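Asks: next comes the sequence, and after it the predicted model I'd like to discuss.
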There are 2 protein chains.
Amino acid sequence: MKIPELNAAPVLSGAVNGVAVDELSKTVNAIRATPAIAKFKFRIRNQWVEASRNKSTADTFYGAGEEHFRLQPFVLEADEPAILLGKDTSANPVEHLLHALASCLTTSMVYHAAARGIQIDEVESTLEGDIDLRGFLDLDKNVRAGYQGIRVNFKLKADVPDETLKEISQLGPAYSPVFDSLSNGVPISVTAERL
Amino acid sequence: MKIPELNAAPVLSGAVNGVAVDELSKTVNAIRATPAIAKFKFRIRNQWVEASRNKSTADTFYGAGEEHFRLQPFVLEADEPAILLGKDTSANPVEHLLHALASCLTTSMVYHAAARGIQIDEVESTLEGDIDLRGFLDLDKNVRAGYQGIRVNFKLKADVPDETLKEISQLGPAYSPVFDSLSNGVPISVTAERL
């Protein structure tokens, strides 16, 4: 079975994989009619605590033509383990990056499978990435500061043939905003001023 | 004042910006002597909960030639707001990506300033990125799924001249592993198997 393109999928009712596919269909149709409502702006504010500790707050975003306020401000922390001179009070920035990637791949897969009427029972993934600290420490100009590569392995439980299972696993890489951002890069501007 | 290169910086003792710069100097010297210990592997495991909810655990990593175990497993959650068909129980994947970027830029700046003996008093940042949902929803092949651009603004408090303040603000983009990963892209392999 070849899973259908999203645009060719039937309009579904109720929930698949816990996703309200009727609402998803309405969203798709609303954006088709008024493409400008597809423009979103996501934001965080970060504050340095000390040394390797800092925290971000996510509480507002823009989308569908208006400002949105989260039910509560979400506070995300960062620290480093002792070997990287931190206090080990929370995950570090490059682990948060892996979480962003894993969570986006999973949600993208689950939503796109739901839109195609495919039920998924369980999803697990493990991610591992390689960093050579000589990049961060400026010890070798030929070594990049960032990840040299990231490996993602999914384990999926779904009552579908092998071929469909493989197609499901490719929905994340095909549509995930974080996968695209991290695979292909994003223009980032950095400005600074005195506090 | 031109801030010195890390390699040319004097060996410092004690803590600057809360960072144990004597330990940082020892790390730099140890890696110079044995470059292989600079190789790190960071990891997470992710588990789907339902619909837009999933969670990652970070508890082990490899570095300096051995496995490391965190003081406690760090659990990171993800969800989507109601307009994106979630329950709004936590930050979403693309907000986690902004947190990874902000936290890494800040820590990189603070560490590299410390290594140069420059005290920073306060650091705040705001980040905003643009996403057009037509990419994720497969409604326009010319619209990417990921961020089209991300803007970072830092506010810094430090008793230094304007020129030095500007140089400090450029340490993050110069050395941050997440900034490099997200600016320049990372090769990501995705495999899948049946659970």
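Replies: Great, that's in hand. Residues are numbered from 1 along each chain as shown, chains lettered A, B, ... in the order given.
Asks: residues contacting residue A:108?
Replies: A:171, A:172, A:174, A:175, A:176, A:177, A:179, B:136 (C-beta atoms under 8 Å, 6 or more residues apart in numbering or on different chains). For the C-beta atoms, the positions are set from N, CA and C on the backbone; glycine is no exception.
Asks: need the max-distance pair from those.
Replies: For those, the farthest-apart pair by C-beta to C-beta is A:171 and A:177; their separation is 13.1 Å.
Asks: most neighbours, which of the contacts of residue A:108?
Replies: residue A:176 (30 neighbours; other C-beta atoms under 10 Å in any protein chain shown).
Asks: list phi and psi for residue A:86.
Replies: Note on residue A:86: backbone dihedrals following degrees, to the nearest 10 are phi -110, psi -170.
Asks: how many neighbouring residues does the residue lying closest to it once chain neighbours are set aside have?
Replies: Of all residues not flanking residue A:86 in the chain, residue A:80 sits nearest, at 2.9 Å (C-beta to C-beta, 6 or more residues apart in numbering or on different chains). For residue A:80, the count of nearby residues is 24 (other C-beta under 10 Å).
Asks: so residue A:80 is in which element?
Replies: Using DSSP states H and E, residue A:80 sits within no helix or strand.
Asks: go ahead and confirm it touches residue A:89.
Replies: No - assessed by C-beta atoms under 8 Å, residue A:80 is found out of contact with residue A:89, at 9.3 Å.
Asks: returning to what we had before: format the contacts of residue A:108 as a markdown table; extra columns: secondary structure.
Replies: Formatted as a markdown table, the contacts of residue A:108 follow (DSSP: H, G, I helix; E, B strand; the rest coil):
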| residue | secondary structure |
| --- | --- |
| A:171 | helix |
| A:172 | helix |
| A:174 | helix |
| A:175 | helix |
| A:176 | coil |
| A:177 | helix |
| A:179 | helix |
| B:136 | helix |
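Asks: nearest to residue A:76, of those residues?
Replies: residue A:177 (17.6 Å).
Asks: can you pull the contacts of that closest one?
Replies: Counting by C-beta under 8 Å, 6+ apart, residue A:177 has contacts A:104, A:108, B:93, B:94, B:131, B:135, B:136, B:145, B:146, B:147.
Asks: how near is it to residue B:42?
Replies: 21 Å (C-beta to C-beta, to the nearest Å).
Asks: all strands of chain A, in order?
Replies: A:15-16, A:19-20, A:39-50, A:53-63, A:66-78, A:122-132, A:149-157, A:188-194 (DSSP state E).
Asks: what about residue A:53, how many neighbours?
Replies: Counted with other C-beta under 10 Å, residue A:53 comes out at 21.
Asks: again with residue A:30
Replies: 13.
Asks: what residues are up against it?
Replies: By C-beta under 8 Å, 6+ apart, the neighbours of residue A:30 are residue A:37.
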